[in-house]
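My questions concern the predicted model and sequence given below.
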Amino acid sequence: MLNEVLDVVDHIPPGVFIDATLGGASHSEGILDRRIDIELVALDRDHLALQAARHRLERFSERVRFFHNSFSSLEEIFNDESIPLISGFLFDLGVSSPQLDNAERGFSYRFDGPLDMRMDVRQERTASYLLNNSDRSELQRIIEKNSDERFAARIAASIIRNRPISSTLEFAELVKNAIPAAARRRGGHPAKRTFQAIRMEVNQEREELIQGVSASIERLRPKGCGIVISYHSGEDRIVKELFRNVVTGGCSCPSKLPCVCGAVAKGQLPHSGLTASKEEIKENRRAKSARMRVLESL
Ligand SMILES: C[S@@+](CC[C@H](N)C(=O)[O-])C[C@H]1O[C@@H](n2cnc3c(N)ncnc32)[C@H](O)[C@@H]1O
C-alpha cells in the first residue's frame, strides 16, 4: 500500500519519521524521495533486511539512522537519540517476502527447512524449541490465541504425539492430517493458520505491536500521522483499540451518553481503515488481507 502511505506522508509536518518495519525499504525510499524535509529513523530486527535496505537507501544516507532493533525498543531509541517528538510513524507488520521465500528461515509451509521462524536470529527461542518443549495446553493456547484455527486442540495433541518434529514440511503435514478432510478443502493451505500462530508466538508479535505503537503515539507531534498496516484480524483489533483510545482521550463514558469524565480527544481518524486496491492484490496476493489504519494527532 505504497501510494496510500505516501498520500498520508504528503500532509505531515517536517521532522523525524519512524519506519518501524524497514524490510525491503520500498516505503522508506518513497518517503525520502517525496519529502526532502523528512529525516528517517529506520528499524528492522532482521539483519538481512537491514543490510539490503542500507544498500537501497545509500543515496539518502545523510537523512537516515538505521537500527537493528525490535520496535518494542522504540522508547529507548527516542530517549538515547534525543528525539522528543516525531512527525509520523509506519508499522507494516508481519513477515516480508524475502523471509517467506528463504526456506532456511523456516517461515514457509511450502518449502522444506528448519523450524526456525525467528525474525531476529540473535534471539534464542526458535519454533523448533517451542513445538518440541511446550505442553499440550500451552500449544493449544498459542494456536487459538493467534489464529482462528478451529482445530487447535487436535493439532496440539498431534504435535505432542509426533515429537520430535524437525522440519517445516514435517510440521505442515502433521497439521494437515490433524484437520478433518472436509475442513481441509476450505480456506487455503490447511497449515497456514497454525504456521502464522507459531510465528507470532516465536516473535512475540502482539506484545511488540502494543509496546511499539504505544511508544510512537506518545511522541507524535500535533498534525503528525501514525500508520499501521496489518494482515491479521487480531492485530488490526489491537491497532483499532490503541488509536480509538487516542481519539476518545481514554473516555470511559457509555457510548450513547454525553461524556462526563473530562477526557480530551488527542487525535482523529481520517477514515475507518483502508484495504489494498484490486490492482495491487493482482500483483501481490498478500495485499488481500492488508488493512491500513491512520491516526492524525490533534
Ligand atoms: C512486511 S515487511 C515490511 C516491508 C517494508 N514496509 C517495505 O517497504 O519493504 C515487515 C518487516 O518488519 C520486520 N519486523 C517485524 N516485526 C518487527 C519488530 N517487532 N521489530 C522490528 N522489525 C520487525 C520484519 O523483519 C520485516 O522485515
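That came through, no problem.

For the rest of this, base every contact and every neighbour count on C-alpha atoms.
OK.

shouldn't Ala20 be in contact with Ser72?
No: Ala20 lies out of contact with Ser72 (CA atoms under 8 Å); the separation is 9.4 Å.

ok, the two, which is more surrounded?
Between Ala20 and Ser72, counted using other CA atoms under 10 Å, the more crowded position is Ala20 (26 against 20).

Distance of the more buried one relative to Arg193?
Here the distance between Ala20 and Arg193 works out to 25 Å (CA to CA, to the nearest Å).

Same question for Ser214.
Taken as CA to CA, the span from Ser214 to Arg193 is 27 Å.

Which one of those two is surrounded by more residues?
Set Ser214 next to Arg193 and count neighbours by other CA under 10 Å: Arg193 wins out with 21 against 17.

out of everything not next to it in sequence, what's closest to that one?
Spatial nearest neighbour of Arg193, excluding adjacent residues (CA to CA, 6 or more residues apart in numbering): Ser147 at 5.7 Å.

again, but for Phe91
Val228 (4.7 Å).

What does that neighbour show for phi and psi?
phi -130, psi 130 (degrees, to the nearest 10).

what does the stretch 101-250 of the chain put close to the ligand?
Met119, Glu208 (CA under 6 Å from any ligand atom).

quick one: the strands in the stretch 151-298 of the chain?
Taking DSSP state E, counting those that start in this stretch, the strands of the stretch 151-298 of the chain run over residues 220-230, 267-268, 274-275, 291-297.

Sheet partners, orientation included, of the first one?
So that's strand 220-230. strand 86-92 (parallel), strand 291-297 (antiparallel) (DSSP bridges).

Just list the residues touching the most centrally placed residue in the chain, thanks.
What sits nearest the mean C-alpha location of the chain, by CA atoms, centre = their mean, is Leu93, with 2.1 Å. Each residue near Leu93 by CA atoms under 8 Å, 6 or more residues apart in numbering is listed here: Thr21, Val228, Ile229, Ser230, Tyr231.

Many thanks, we can stop here.
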